[in-house]
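**Q** pasting the sequence and the predicted model now:
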Amino acid sequence: MKGLPAETDFVVIGAGIAGLRAAIELAAAGRVLVLAKKEVTDPNALEMQAIAALSDEDEVTLHLQDTLSAGDGLCDPAAVKILIEEAPGRIEELIAWATQFDRGGTKLVFGRESATSRNRSLHAQGDSTGREILRTLYAKAHSLKHISVAPFEFSTGLLTDAGRITGVSLIDDKGVPQEVACSAVLLATGGMGQLYRNTTNPELATGDGVAIAFRAGAEVSDMEFVQFHPTALYMRKVPRFLLSEALRSEGAYLRNIEMDRFLGKYHPMGELAPHDVVARAIIHEMEVSRAKDPFVYLDLTHLAAAKVQKRFPRIYATCMQHNVDITEDLIPVRPAAHYAMGGVRTDLNGKTNVSGLYAAGETAATGVHGANRLPSNSLLEGVVYGARAGKAMREELRAAPTTSRQPKTAYSNGPVDPGVEDLIGQIQDLMWNEVGIVRMRTGMQKAIKSLEEMAPKLAHPKTRRAHEAANLHLAGLLVTRSALAREESRGAHYRIDCPDHDDKKFLKHSVIRGDKVVFV
Ligand SMILES: Cc1cc2nc3c(=O)[nH]c(=O)nc-3n(C[C@H](O)[C@H](O)[C@H](O)COP(=O)(O)OP(=O)(O)OC[C@H]3O[C@@H](n4cnc5c(N)ncnc54)[C@H](O)[C@@H]3O)c2cc1C
């Protein structure tokens, strides 16, 4: 598109699955500007393998039960019911828009993920499901004349007037600050895995939506619940490529460096135990190994090589690039931060407490995932709740206010500032060491103190990367404050100093309002 408009009807920040699905819904009501901070099909962001749906052998009640069990008492049942009941319609819609899910003959093939009682995940080209859905949604959005998608436009904040959203501020692709006025804004900026030293998330997952919303007065919820994926490829100087739970569903074993299968000691479901149990078991095995550079192995060598290659073509090819043939070699793995269950607090239609502000996808806390996410539910959440937020936002349509559009000092889009990179590294180490898979009061207090000391250095960001650093810093504080306040262990939040549930006090959502953490 040629330049950004001074005003539009709706702004969607984020061109992932949630943002694009919402934009398609909004296009019937007015002009939609979709902003992405990188290219739309950022190849890093496309490793998603499976989307939950309803197979013939499945039932709504079983999917509901699996989701509620994974959420460890904190899912909002109404939100989960909506997710599951609206799934078939959203999947049919994707198929009608030409998503090619894998089939056996004419029938859709459903796979099984960990902690699920039935085969209910659809795949596309084996393990390129996210890529295929994003391709479809982008093509659909592109075909609608009211939607403009603007890549490399970095949103820095929200404009408000008398408590109502009136537009967004951003740094455009040339490094120039801009403002775009609009009736309503949807935040669909994805996750915040970059808070941690080890993460499966792409570079863009810096918690921008949560930070932007919080600064504008939005409540955030359940921030302490960060899911750590148990098995990311662990090799020095190699990105933490995700080795999907589907590998374990297909029969892969986890072995410690003594070559023992160990998960049976930790959970009756063994390799199919919930993510957090597997991640903690691996951390424990790594600790007892006393290795300087610890890891465990994922073992597929007993499975039929041709089947593994066919079912996991991208995982096979990626590991081969690093000289690991997954059909013959053991794969070194470690856990890595993977998914944020919490985020900007919304109602069942994506609405936040700030008038005119909505959130959907991983940025939002709809109550669907509770204290831990069931695999494959997040892509589904993107399409179901993206569509719902889009529908609700249509009602916000009103004359957009005009913005000043005064020329402002240009920002720098580069080069890399070593000072900023150093601060990001410090945040990632602090979060990994003190607010990671196993937490404890003293460590978290130390993390808060260090983060607060760092604040002045991040107060006046001058580049996009400095904005990301400030967003990570704020997201880190929000995660740590919530984790410190929740004096129990639940779902993905594990505290060694309070290892049990405390239902009496904490069978509730944490909500941060300004400087207070409350449980509601
Ligand atoms: C490796 C990996 C594998 C996964 N596998 C699965 C799976 O198999 N099944 C499943 O259900 N889930 C999976 N997930 C989780 C799932 O992929 C995500 O939760 C989901 O893609 C999030 O979608 P989204 O639309 O919320 O955000 P994203 O797809 O992350 O999109 C975020 C968008 O926001 C834009 N953005 C961010 N900040 C700004 C800013 N400041 N200004 C402008 N634009 C901005 C980005 O450019 C991007 O376009 C996986 C995640 C990872 C990392």
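**A** Good, I have the coordinates. Numbering: from 1, shown residues only.
**Q** center of the chain - which residue?
**A** Among the residues of the chain, the one closest to the centroid is G191, at 3.5 Å (C-alpha atoms, centre = their mean).
**Q** for that residue, give me its contacts.
**A** By C-beta atoms under 8 Å, 6 or more residues apart in numbering, the contact list for G191 reads N201, A205, G207, Y339, A340, E362, T363. All C-beta atoms are positioned from the backbone trio N, CA, C, and that covers glycine.
**Q** ok, now V308?
**A** With the criterion set at C-beta under 8 Å, 6+ apart, V308 makes contact with E250, L300, Y316, I326, T327.
**Q** helices of this protein, start to end?
**A** 17-26, 60-70, 77-96, 129-142, 208-215, 245-249, 275-289, 305-311, 313-321, 377-394, 418-434, 441-454, 464-485, 503-506 (DSSP state H).
**Q** now the residue nearest to the centre of the chain: phi and psi?
**A** When quoted as degrees, to the nearest 10, the phi and psi of G191 stand at phi -100, psi -160.
**Q** and G157, how far is that from the ligand?
**A** 9 Å (C-beta to the nearest ligand atom, to the nearest Å).
**Q** per-residue pLDDT, R103?
**A** R103 carries a pLDDT value of 85.
**Q** please apply the same query to the one 4 residues further on.
**A** Here, the pLDDT recorded for K107 equals 85.
**Q** what does F295 give?
**A** 94.
**Q** would you confirm that it contacts M235?
**A** No: F295 is beyond contact range of M235, at 9.0 Å (criterion: C-beta atoms under 8 Å).
**Q** just send the contacts of G191 back as a markdown table, with neighbour count, distance to S155 and pLDDT too.
**A** Formatted as a markdown table, those follow (neighbours: other C-beta atoms under 10 Å; distance: C-beta to C-beta, whole Å; pLDDT from 0 to 100):
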| residue | neighbour count | distance to S155 | pLDDT |
| --- | --- | --- | --- |
| N201 | 26 | 18 | 93 |
| A205 | 25 | 15 | 96 |
| G207 | 29 | 13 | 98 |
| Y339 | 24 | 22 | 95 |
| A340 | 30 | 18 | 98 |
| E362 | 31 | 16 | 97 |
| T363 | 30 | 12 | 98 |
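**Q** take the residues you listed and keep only those in strands.
**A** Counted as lying in strands by DSSP state E, out of the contacts of G191, are Y339, A340.
**Q** out of the contacts of G191, which comes closest to D9?
**A** Nearest to D9 among the contacts of G191: T363, at 21.0 Å, using C-beta to C-beta.
**Q** tally of neighbours for D76?
**A** Using other C-beta atoms under 10 Å, D76 is surrounded by 19 other residues.
**Q** quick one: the closest residue to it other than its chain neighbours from V80, how far?
**A** Using C-beta to C-beta, 6 or more residues apart in numbering and skipping the chain neighbours, the partner closest in space to D76 is G367 (2.8 Å). From G367 over to V80 the distance is 8 Å, taken as C-beta to C-beta, to the nearest Å.
**Q** hang on, the earlier thing: closest one of the contacts of G191 to A29?
**A** For the contacts of G191, the nearest to A29 is T363 (21.8 Å; C-beta to C-beta).
**Q** who touches the closest one in this structure?
**A** Contacts of T363 (C-beta under 8 Å, 6+ apart): G14, A18, L187, A188, T189, G190, G191, G209, V210, A213, G343, V344.
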